[in-house]
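Peer 1: kindly generate the corresponding structure for this input.
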Amino acid sequence: MEYNNPSELIKNLSFGLEAKDKIIAGVDKLTKAVKSTLGASGKCVIYEDMRGKPVITKDGVTVADSVVLLDPVENIGATLIKEAAKNTVREAGDGTTTATVLAESLLKNALEVDEQPREIKKGIRDYANKVYKYLDDVSIPVEGNMLHNVAAISCNNDKELGDIISDAYTKVGKDGVVLMEESDTDLTHVEIVDGVQLESGLKSPHLITDKDKQRCDLENPYILIVSSPIPNIRKIQPILEHVIKQNRALLIVAEVEQQVSATLLMNKVKGNIKVNFIDPPGFGPTKQDTIEDLALLTGAKVINEELGDDLDLIEPSVLGEAFKSVTEEKSTVLTVSKTGEQLKERIADVEKKIKKEKNPYLKRRLDQRLAMLNGSVGLIKVGADSKIELKEKKDRVEDAIYAVKAALKEGIVPGGGIALLDAAKNCSVDTEFEQILHTSIKSPFEIILENADMSDYATSQYKTGQGIDVTTGKKQDMIKEGIIDPVLVTKSALKNAISVVSTIISADCVISNIRIEK
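Peer 2: Numbers count the residues shown, from 1 in each chain. So this is what the prediction gives:
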């Protein structure tokens, strides 16, 4: 089955209830597959990949990605929900199944109300703001064994992987960086390497090398650092030619003008060069010092035409190196080799300045410089017995890394759907439109019980923070039992579910491509 010839693409139009009924049918089919994985008693899903091979997974977003429906309008419904799941995992690293369950429940409840979409959306939005505030108020900072619990839950209750991931964060510290790579063996382990994180992110989507993770990875790149703007591509032509000749990648840390950016992007897209460019790190009075720190860590020489350097005359000897660079939306991580007396002297110098500095702003900047100079990166090397198992394991580890980041950033709330259930108990409902979301946010808790064949417990009375441990069937204080979720994950899942449902209920016409069978 395929689309018609693109030059004469024929469309099918669906309107009103007919369109929405098919959209809902698509949402239902997708959600039925995805929600079966939710919770400690969630089941695995077996799907057939593009080559006809079976793949086993319990990862919600992987299940969602595997679903393509025959009916084009139903498929549009499923695809819209997929976007909510993908946006959630992109923002918080976990919560894809929760976002899917919330979206389905919210869509059904919203369409049962025969009112203008504008009023429905306002009611949902007003109640959502109450829920967000409640979640922020009840969230608590991560401490003790909580990191392990967050990691294990995000790995679909794999305690061994939870141990490995929490161990990585314990070794690199709360502000440290943890990345994932494939292991050379079938064992999964942690390796700590020297590294640095910069607050400089992606400049263009065309630089992305990993579409799933929306980031640019460069292996063993040269590093070019220029603290003055690069006005045209001719200025760095010799460097680019050297990099291409050496068959290496290049990370440019500089402010590049539009002509330079356009030329680099064109050559990158054509495959002529593996390149990425980011803004110089730091700002204000400490910016130049931060750039010099980076140069010391990578072995590069800082080029600054404003101080007399001539870009036209630079040679490959000014380039530094890194083992790897990973650039995401807002940050870049470099793994480097930190050695030498110069580095020790610079660290000692920054420590002295911190002790003497009275200005809180400048002291904070000096603290950031010291963290950069002392920083390390935890590499979780994932191993498995087969490629199928490796892919599934990598998905779970990646989710857990982001979930731990989210927990460290904004804190945690009771897991198992209890945070949203408590929000429904504690947030007042002022209109029938707010009631729509009030009812819907109970759905993750209900599905978790359903997957454990414990639906009867849904009507029980629970104190705030109390829920059911589905592995034992007992009422527990969820946080004390380590059944927790990052508050960012819960908020992101709710936000993205609301966003996609608001779009669907506002639509009255669906235009789809007509498929032709061969």
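Peer 1: which stretches of the stretch 251-400 of the chain form strands?
Peer 2: Along the stretch 251-400 of the chain, the segments classed as strands by DSSP state E, counting those that start in this stretch run 274-278, 320-321, 324-327, 332-335, 376-382.
Peer 1: least confident secondary structure element in this structure?
Peer 2: strand 2-3 (a mean of 51; mean pLDDT, DSSP states H and E).
Peer 1: now the spatially most central residue of the chain: closest residue in space that isn't a chain neighbour?
Peer 2: By Cα atoms, centre = their mean, the mean C-alpha position of the chain lies nearest to Arg90, the distance being 3.0 Å. Computed as Cβ to Cβ, 6 or more residues apart in numbering, the closest residue to Arg90 that is not its neighbour in sequence is Gln214, at 6.2 Å. C-beta here means a position set from N, CA and C on the backbone, and glycine is covered the same way.
Peer 1: what do you get for Val178?
Peer 2: Here the residue nearest Val178, using Cβ to Cβ, 6+ apart, is Gly378, at 4.2 Å.
Peer 1: again, but for Gly282
Peer 2: Per Cβ to Cβ, 6+ apart, closest to Gly282 is Thr290, 3.2 Å.
Peer 1: picking up where we left off before, turn the strands of the stretch 251-400 of the chain into JSON lines, including distance to Gln116 and mean neighbour count.
Peer 2: Below are the strands of the stretch 251-400 of the chain laid out as JSON lines (distance: least, Cβ to Cβ, whole Å; neighbours: other Cβ atoms under 10 Å):
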{"stretch": "strand 274-278", "distance to Gln116": "46", "mean neighbour count": "23"}
{"stretch": "strand 320-321", "distance to Gln116": "60", "mean neighbour count": "19"}
{"stretch": "strand 324-327", "distance to Gln116": "44", "mean neighbour count": "23"}
{"stretch": "strand 332-335", "distance to Gln116": "46", "mean neighbour count": "23"}
{"stretch": "strand 376-382", "distance to Gln116": "50", "mean neighbour count": "22"}
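Peer 1: now the residue nearest to Arg90: phi and psi?
Peer 2: Backbone dihedrals for Gln214, given as degrees, to the nearest 10, come out at phi 50, psi 50.
Peer 1: name the helix or strand for the residue nearest to the centre of the chain, please.
Peer 2: For Arg90, the element it lies in under DSSP states H and E is helix 72-92.
Peer 1: now the angle from whichever helix or strand comes after that helix to helix 72-92?
Peer 2: Scanning forward in sequence from helix 72-92 by DSSP H and E, the next helix or strand is helix 96-111. Taking axes from the mean of the first three to the mean of the last three Cα atoms, to 10 degrees, one finds helix 96-111 and helix 72-92 inclined to each other by 130 degrees.
Peer 1: buried sites along the strand of greatest length in the chain?
Peer 2: When the chain is scanned for its longest strand (criterion: DSSP state E), the result is strand 189-198. Buried residues in strand 189-198, counted by 16 or more other Cβ atoms under 10 Å: 190, 193-198.
Peer 1: mean confidence for the helix or strand in which Thr503 is found?
Peer 2: Here Thr503 sits within helix 487-506, counting by DSSP H and E. On average, the pLDDT along helix 487-506 is 95.
Peer 1: that one to helix 72-92, inter-axis angle?
Peer 2: Using the same axes, to 10 degrees: helix 487-506 against helix 72-92 is 150 degrees.
Peer 1: buried set for helix 487-506?
Peer 2: Using 16+ other Cβ under 10 Å as the test for burial, helix 487-506 gives 487-498, 500-502, 504-505.
Peer 1: work out the gap between the very next helix or strand once past that helix and the centre of the chain.
Peer 2: Moving toward the C-terminus from helix 487-506, the next helix or strand (DSSP H and E) is strand 509-513. Taking Cα atoms, centre = their mean, to the nearest Å, the mean C-alpha location of strand 509-513 is offset from the chain mean by 31 Å.
Peer 1: same deal with stretch 292-301?
Peer 2: Its chain's C-alpha centre and that of stretch 292-301 lie 29 Å apart, by Cα atoms, centre = their mean.
Peer 1: repeat for stretch 461-481
Peer 2: For stretch 461-481, the distance to the chain centre is 29 Å (Cα atoms, centre = their mean).
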